[in-house]
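K.L.:
Provided below are the primary sequence and the corresponding predicted coordinates.
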Amino acid sequence: MQGRGLGGKDSGRRARAGPEALAWSQGLLLWLLLSAAGVWAPGGPLRPLCRPINATLAAENEACPVCITFTTSICAGYCPSMVRVLPAALPPVPQPVCTYRELRFASIRLPGCPPGVDPVVSFPVALSCHCGPCRLSSSDCGGPRAQPSACDRPPRPGLLFL
C-alpha cells in the first residue's frame, strides 16, 4: 500500500484543486477588501464611482420672463473617504469630492430679456471627472439637493444653445 505523499495518488488531485482554491481565496480576499473599504451600498452591489452623468439644470435671470431647463453633463458619484476616529487634536482628513478633471463651457440664451440685460448664461460641461479636492472656482461642493435645478417661474424647455 502506497502512502499519501509526494508519490501518492492524492498528490495529483491536490495539484488540480490548487488553482480552484487560489481563485476562491482571491475572491474571498476581494470581498473582504471591498467590505472593509465601505464600497458596498445598502440594498445594492456597488456605489457608482465618480463619472460624468447627464443632468437637467435650470437657467434664469431675474430680469428675464422665463426659466429655461436644459440637459448637460456633470460630475457625480462615489469617492472613497476616511474619517478620523482619534481625538480631535489631529487636523481633519481632507475629503475628496467628485469633481471636473476636464470641462468646457457652453452657453444658453434666455428669450424675452429686456434691452440692456445680458440674456446669455454659461455653464460647465463635464468631459471627464475624478476624485479630488473641492475647488469652489469650478464646483459646487455641497451635498446633494432634493431639487438641484428649480425655477422660480414655470420652466420652459430650452433649445437655444449658442
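P.N.:
Structure's in. What do you need?
K.L.:
which intervals of this structure have sub-threshold pLDDT?
P.N.:
Judged by pLDDT under 70, the chain has its weakly predicted residues at 1-46, 86-87, 138-139, 141-150, 153-162.
K.L.:
please redo it, this time with the cut-off set to 50
P.N.:
Counting by pLDDT under 50, the chain has low-confidence residues at 1-16, 37-44, 159-162.
K.L.:
All the strands of it, in order from the start?
P.N.:
40-41, 44-46, 51-60, 67-76, 97-109, 120-132, 155-157 (DSSP state E).
K.L.:
Tabulate these (a markdown table), appending distance to residue 91 and mean neighbour count.
P.N.:
C-betas here are computed from N, CA, C, even on glycine. Below are those laid out as a markdown table (distance: least, C-beta to C-beta, whole Å; neighbours: other C-beta atoms under 10 Å):
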| stretch | distance to residue 91 | mean neighbour count |
| --- | --- | --- |
| strand 40-41 | 29 | 12 |
| strand 44-46 | 31 | 9 |
| strand 51-60 | 30 | 16 |
| strand 67-76 | 26 | 18 |
| strand 97-109 | 18 | 16 |
| strand 120-132 | 19 | 16 |
| strand 155-157 | 44 | 15 |
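K.L.:
Any idea which of those gets closest to residue 88?
P.N.:
The closest of the strands of the chain to residue 88 is strand 97-109. By C-beta to C-beta, the value is 22.2 Å.
K.L.:
Give me the residues contacting the closest one.
P.N.:
50-51, 59, 68, 70, 72, 75-79, 119-135, 138-139, 141, 158, 160-162 (C-beta atoms under 8 Å, 6 or more residues apart in numbering).
K.L.:
what inclination does it have with respect to strand 120-132?
P.N.:
Following axes from the mean of the first three to the mean of the last three C-alpha atoms, to 10 degrees, one obtains 170 degrees for the angle between strand 97-109 and strand 120-132.
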